[in-house]
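>>> Structure for this input, please:
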Amino acid sequence: MTSETLHPGILDAAPQPVWVVDPQGRVRYTNRAALVALGYQAASEVLGRSSQLLLRPVRPDGTPFPTSECPMLAAARTGVTTRSEDAWLIRRDGSLFPVSWWSAPICLPCGRGVVYAWYDLTERREIERAARERDAAEIRASESRAAQRRLVEKVAAVHRQTSRDLHDGAQQRLVTVLIGLRLVREQIAATSPDALPLIDQSIDEGQAAIDELRQLAAGIRPSVLTSRGLVAAVDALAAHCPVPTVVTGLLAQRLPAALESNLYFLISEALTNAVKHSGASRIEITLAVRDALEVIVADNGIGGVGHDTAGSGLLGLADRVAAFDGELMISSPPDGGTVVRARIPVPG
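Numbering: from 1, shown residues only. Coordinates of the predicted model:
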């Protein structure tokens, strides 16, 4: 086999589209890959025809090149290889597709022509588009989580301030009033005994108001959470739970205030759900720090909680965990109890 017969065979087997064009821009050779890429069946459909009219290369703005300015034919005029990474060609059916192309000068019996080779960028562009959309989605998700975290931190700060204001403001004033009423009672006990029942009733009402304020402040942010941290606050939750509840685990150091508050109310909501819906006789709460902070609330109730049956309480838990880039997992096989597990990365 001679080189003259070998070369066409090599080009026909090449996966990249190749054309040879004469000095007038007419197609003198096409391989099979070029025919397939452009939607033609046979070489006779393109040979001898103007490559400019067949390919109709366009500028990035979509306007066509005049033949005298066509960059794909420039190599025939200048003798210098040219290329483009951002071009569009047209198929037989009229559809445009993105390509990168190379055009090199070649000596033909009729003068200097060019060899075209191009690569269809459609798949690459789709991959790049999908990557951009994925990156944009990740950025949006990250910004959403950051916004959630800022909101949680602001709410926690408001809770701390409100709890402090109730304790230092309204509660202290009520305590002062209560002390005053008791002093008045002592002073009039001998001279106005008929007024004592009214004063006693006022003292009882004042004490009830103080107790209600304390409960309200604890619901906003328990004082034990502020003074002693998450584990102590969870111990207090367990002690007041109507279902026997055991707390295990230690935290070596205090967590950021917003995270402590978020985790406290996460555990509180999970505990409330277990008490209301699980029919459990025992609940276990576990706090642990390994490669992340892990919080587990497990009960021995009826189970059967799924994503379709989860109420707003459990869905709210997922939002709390997501605000700190965490992950919430719920395992609840029928008659197998429910385990709510949250994993949250903790700096340091």
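
>>> Regarding residue 75, what is its secondary structure?
Taken by DSSP: H, G, I helix; E, B strand; the rest coil, the conformation at residue 75 corresponds to helix.

>>> let's have the chain start at 18 instead
Got it, the first residue is 18 from now on, which makes the last one we talked about residue 92.

>>> dump the residue contacts of it.
98-99, 120-122, 131 (Cβ atoms under 8 Å, 6 or more residues apart in numbering). Every C-beta, even on glycine, is put in place using the N, C-alpha and C of the backbone.

>>> Please enumerate the strands of this structure.
Taking DSSP state E, the strands of the chain run over residues 35-38, 44-47, 99-107, 113-125, 128-137, 262-265, 300-306, 310-316, 344-348, 355-361.

>>> Let's have those in CSV, adding mean pLDDT.
Converted to CSV, the strands of the chain look like this (pLDDT from 0 to 100):
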stretch, mean pLDDT
strand 35-38, 90
strand 44-47, 90
strand 99-107, 86
strand 113-125, 90
strand 128-137, 90
strand 262-265, 91
strand 300-306, 90
strand 310-316, 91
strand 344-348, 88
strand 355-361, 90
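
>>> May I see these organised as TSV, with distance to residue 221 and mean neighbour count added?
As requested, those are exported to TSV (distance: least, Cβ to Cβ, whole Å; neighbours: other Cβ atoms under 10 Å):
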stretch	distance to residue 221	mean neighbour count
strand 35-38	99	22
strand 44-47	102	22
strand 99-107	84	16
strand 113-125	83	17
strand 128-137	87	20
strand 262-265	32	16
strand 300-306	35	18
strand 310-316	38	21
strand 344-348	45	15
strand 355-361	41	22
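
>>> Of the ones you listed, which is nearest residue 143?
Proximity to residue 143 (Cβ to Cβ) singles out strand 113-125 among the strands of the chain, at 10.1 Å.

>>> Remind me what the closest one packs against, helices and strands.
Strand 113-125 is packed against helix 91-95, strand 99-107, strand 128-137, helix 139-182, with contacts defined by 3 or more Cβ pairs under 8 Å, 6 or more residues apart in numbering; DSSP states H and E.

>>> what is the orientation angle of that strand with strand 128-137?
With axes from the mean of the first three to the mean of the last three Cα atoms, to 10 degrees defining the directions, strand 113-125 sits at 150 degrees from strand 128-137.

>>> Go through strand 113-125 and list whatever outside residues touch any part of it.
Residues outside strand 113-125 that contact it (Cβ under 8 Å, 6+ apart): 37, 39-40, 45, 75, 88-93, 95-108, 129-139, 142.

>>> Phi and psi next, for residue 34.
Backbone geometry at residue 34, expressed as degrees, to the nearest 10, gives phi -60, psi 140.

>>> Please name the nearest non-neighbouring residue to it.
residue 51 (3.6 Å; Cβ to Cβ, 6 or more residues apart in numbering).

>>> what's near enough to touch the closest residue to residue 32 other than its chain neighbours?
Nearest residue to residue 32 in three dimensions, chain neighbours excluded: residue 50, at 5.6 Å (Cβ to Cβ, 6+ apart). For residue 50, the contacting residues are 31-35, by Cβ under 8 Å, 6+ apart.

>>> let's go with 7 Å and repeat that
For residue 50, the contacting residues are 31-34, by Cβ atoms under 7 Å, 6 or more residues apart in numbering.

>>> Who wins on neighbours among the residues you listed?
Neighbours here mean other Cβ atoms under 10 Å. Within those, the largest count is held by residue 34, at 22 neighbours.

>>> Surely that residue touches residue 54?
Yes - using Cβ atoms under 7 Å, residue 34 is in contact with residue 54, at 4.6 Å.

>>> export the strands of the chain to a markdown table and tack on distance to residue 69?
Shown next, in a markdown table, are the strands of the chain (distance: least, Cβ to Cβ, whole Å):
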| stretch | distance to residue 69 |
| --- | --- |
| strand 35-38 | 9 |
| strand 44-47 | 10 |
| strand 99-107 | 11 |
| strand 113-125 | 12 |
| strand 128-137 | 11 |
| strand 262-265 | 79 |
| strand 300-306 | 70 |
| strand 310-316 | 67 |
| strand 344-348 | 58 |
| strand 355-361 | 62 |
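
>>> Show me the shaky parts of this protein.
Scanning the chain for pLDDT under 70 picks out 18-27, 77, 162-192, 225-238, 323-332, 364-365.

>>> Any chance you could spot the residue sitting in the middle of this protein?
Central residue of the chain (Cα atoms, centre = their mean): residue 158, 3.2 Å from the mean position.

>>> That one: what's it in contact with?
The contact partners of residue 158, by Cβ under 7 Å, 6+ apart, come to none.

>>> ok, now how distant is residue 206 from residue 221?
Applying Cβ to Cβ, to the nearest Å, the value for residue 206 to residue 221 is 17 Å.
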